[in-house]
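Enquirer: What would the 3D arrangement of this be:
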Amino acid sequence: MNTWLAKMKKFTDLLRKGDPIENLNISNGSANTNILLLHDDILLPHWQEFADALVQYQKFAYRENHGIERLFMWNVELDREVLDMLAPILNTTIVKKLSFGGYDFGSEMVSFVADILKVNPCIEGVGLFNNRIDSVDDMRRFCESITDGNVIREALFEHSFDGNNPEVMQIVLDASHQLEKLRLKNNGIGAIGAPLIANFLTANPPLKVLNLNDNVLADNHAILLVRALQSNTNIKRLKIDNNNITAGGRQALLESVFNISSLNTCVASNHTCCIVGLNPDISNINKFDPQSHNREMKIFTVLSATDEGFFNMNCLGNVLYKLIPKVLRLAQKFTEATPDLSEAYFEQTGQRSADWSRLNEDTVPITSMFELLRGWAVPSLS
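Expert: Numbers count the residues shown, from 1 in each chain. Down below sits the predicted model:
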């Protein structure tokens, strides 16, 4: 209690100064702390001081054109009197992200947060941590507030619902079509939730980041995600750490972003999505922007993955002569290739690729150009 009161005083004083605030954290501990600070009427004067400071801060914020980046309220019970005190102020406070957590969300808390999201035009992100919304109606109301505002771009549901309740899962996904970031960590998502997520990704929403860490996804669920990535051109980061995915699922996910069977399959891979969290890690694949750079890097990796010479001539047997200049330009561009892609190739094939220490010169050696042209089996013009 003393620690939390000291934190309240600190942030109340900070608000009264009117400076920009990155993290306004009035939580009891962190998101991973399970100790809930229960309400007592003795705390009401402190809440009132905090609320008054928020009102004063808004005057500075509007005048100086700044505000609060993130407001955290974790592991603190918000009594009805506290909610009534904070609601009208948070409806207009300049804050970009709101996070609540540490206890089960009943209808009262859902209404409190949903009403703020609907009317506050500044909020871009909302997060729920370690609190459950078990009611379908409550989840629907909460998610409708995300879409009604038309401003929310980021939503975090961490250990906040039953990921294998198809109705709840679908409500969350339906509300995510406008989002850029969606975090569904630790919700028990498995056999029921995985197909719904795959269908969502197949529709190619504008979502850029999807966090599925700490769920119960298995290899067959990974295959569903692989199929979804074949048609998705927007998602840039898929986090999938600490699931039940084994070597088979990992291989399928790896091949979806870097298929080395041939140059054609390499080019047809997903060059947008970076998959994070598989062991061994493959997050260095597709980490560049724009995606054309990822594609060119992978092509060069496949071409140069040989110990016999500078180029893997087996990959070039059916390449049309008109493409020779493009391959030469590609070789010229990526002579300073990154070891990361070489390592990714090794993890997929089980073999060491070329001696990359030879590729650190500014230009492709003339002898390598000669080797390429001499070994190229150009298809007949007829």
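Enquirer: you'd agree Q56 is up against L14?
Expert: No. Here Q56 lies out of contact with L14, judged by Cβ atoms under 8 Å, at a distance of 11.3 Å. For the C-beta atoms, the positions are set from N, CA and C on the backbone; glycine is no exception.
Enquirer: contacting residues for I116?
Expert: A87, L90, N91, L98, I123 (Cβ atoms under 8 Å, 6 or more residues apart in numbering).
Enquirer: any idea how far it is from T233?
Expert: As defined by Cβ to Cβ, to the nearest Å, I116 lies at a distance of 34 Å from T233.
Enquirer: Kindly report the same for N270.
Expert: 8 Å.
Enquirer: quick one, which of the two is more surrounded?
Expert: Between N270 and T233, N270 has the larger neighbour count (other Cβ atoms under 10 Å), namely 27 against 11.
Enquirer: Run through the residues that contact that one.
Expert: L229, Q230, N232, S256, V257, N286.
Enquirer: and which of those is nearest K7?
Expert: N286 (40.8 Å; Cβ to Cβ).
Enquirer: Distance of that closest one relative to I275?
Expert: For N286, the distance to I275 - Cβ to Cβ - is 8 Å.
Enquirer: joint contacts of the two?
Expert: V257.
Enquirer: Spatially, which two of the contacts of N270 are the most separated?
Expert: Q230 and N286 (14.1 Å).
Enquirer: With neighbour numbers in mind, choose between those two.
Expert: The neighbour comparison of Q230 against N286 (other Cβ under 10 Å) goes to N286, with 26 against 12.
Enquirer: Touching, that one and S292? I think so.
Expert: No. Between N286 and S292 there is no contact under Cβ under 8 Å: 11.6 Å.
Enquirer: ok, longest helix in this structure?
Expert: Counting residues, the longest helix found in the chain (DSSP state H) is helix 44-64.
Enquirer: send the alpha carbons of that one over as PDB?
Expert: Provided in PDB are the C-alpha atoms of helix 44-64 (Å, rounded to 0.1, in the frame of the first residue of the first chain):
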ATOM      1  CA  LEU A  44     -10.700   8.000  -2.200                       C
ATOM      2  CA  PRO A  45      -8.900  11.300  -1.400                       C
ATOM      3  CA  HIS A  46      -5.800  10.000  -3.300                       C
ATOM      4  CA  TRP A  47      -7.900   9.100  -6.300                       C
ATOM      5  CA  GLN A  48      -9.500  12.600  -6.100                       C
ATOM      6  CA  GLU A  49      -6.100  14.200  -6.100                       C
ATOM      7  CA  PHE A  50      -5.100  12.100  -9.100                       C
ATOM      8  CA  ALA A  51      -8.300  13.000 -11.000                       C
ATOM      9  CA  ASP A  52      -7.900  16.700 -10.300                       C
ATOM     10  CA  ALA A  53      -4.300  16.500 -11.500                       C
ATOM     11  CA  LEU A  54      -5.500  14.900 -14.800                       C
ATOM     12  CA  VAL A  55      -7.900  17.800 -15.300                       C
ATOM     13  CA  GLN A  56      -5.100  20.300 -14.700                       C
ATOM     14  CA  TYR A  57      -2.800  18.400 -17.000                       C
ATOM     15  CA  GLN A  58      -5.300  18.600 -19.900                       C
ATOM     16  CA  LYS A  59      -4.900  22.400 -19.900                       C
ATOM     17  CA  PHE A  60      -1.200  22.100 -20.400                       C
ATOM     18  CA  ALA A  61      -1.600  19.200 -22.900                       C
ATOM     19  CA  TYR A  62      -4.000  21.100 -25.200                       C
ATOM     20  CA  ARG A  63      -2.000  24.300 -25.000                       C
ATOM     21  CA  GLU A  64       1.400  22.600 -25.600                       C
END
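Enquirer: In whichever helix or strand comes after it, which residues are buried?
Expert: Moving toward the C-terminus from helix 44-64, the next helix or strand (DSSP states H and E) is strand 68-74. Neighbour-count burial for strand 68-74, counted by 16 or more other Cβ atoms under 10 Å, picks out I68, R70, L71, F72, M73, W74.
Enquirer: Just the residues contacting stretch 225-243, thanks.
Expert: With Cβ under 8 Å, 6+ apart as the criterion, stretch 225-243 contacts 194, 197-202, 204-218, 221-222, 252-253, 255-257, 270, 272-278, 286, 289.
Enquirer: Which among those residues count as buried?
Expert: Neighbour-count burial (16+ other Cβ under 10 Å) applied to those gives 194, 197-198, 200-202, 205, 207-218, 221-222, 252-253, 255-257, 270, 272-278, 286.
Enquirer: any idea how the chain splits into domains?
Expert: 2-214, 313-375 (automatic domain parsing).
Enquirer: and these, which is most packed in?
Expert: Of those, the one with the most neighbours on average (mean count of other Cβ atoms under 10 Å) is domain 2-214, at a mean of 18.
Enquirer: measure that domain end to end?
Expert: Separation of the first and last residues of domain 2-214 by Cα to Cα, to the nearest Å is 34 Å.
Enquirer: Report the rounded mean pLDDT for that domain.
Expert: Domain 2-214 shows a mean pLDDT of 91.
Enquirer: And for stretch 228-244?
Expert: Stretch 228-244 comes out at a mean pLDDT of 94.
Enquirer: Show me which parts of stretch 233-245 are buried, residue by residue.
Expert: I235, K236, R237, L238, K239, I240, D241, N242, N243, I245.
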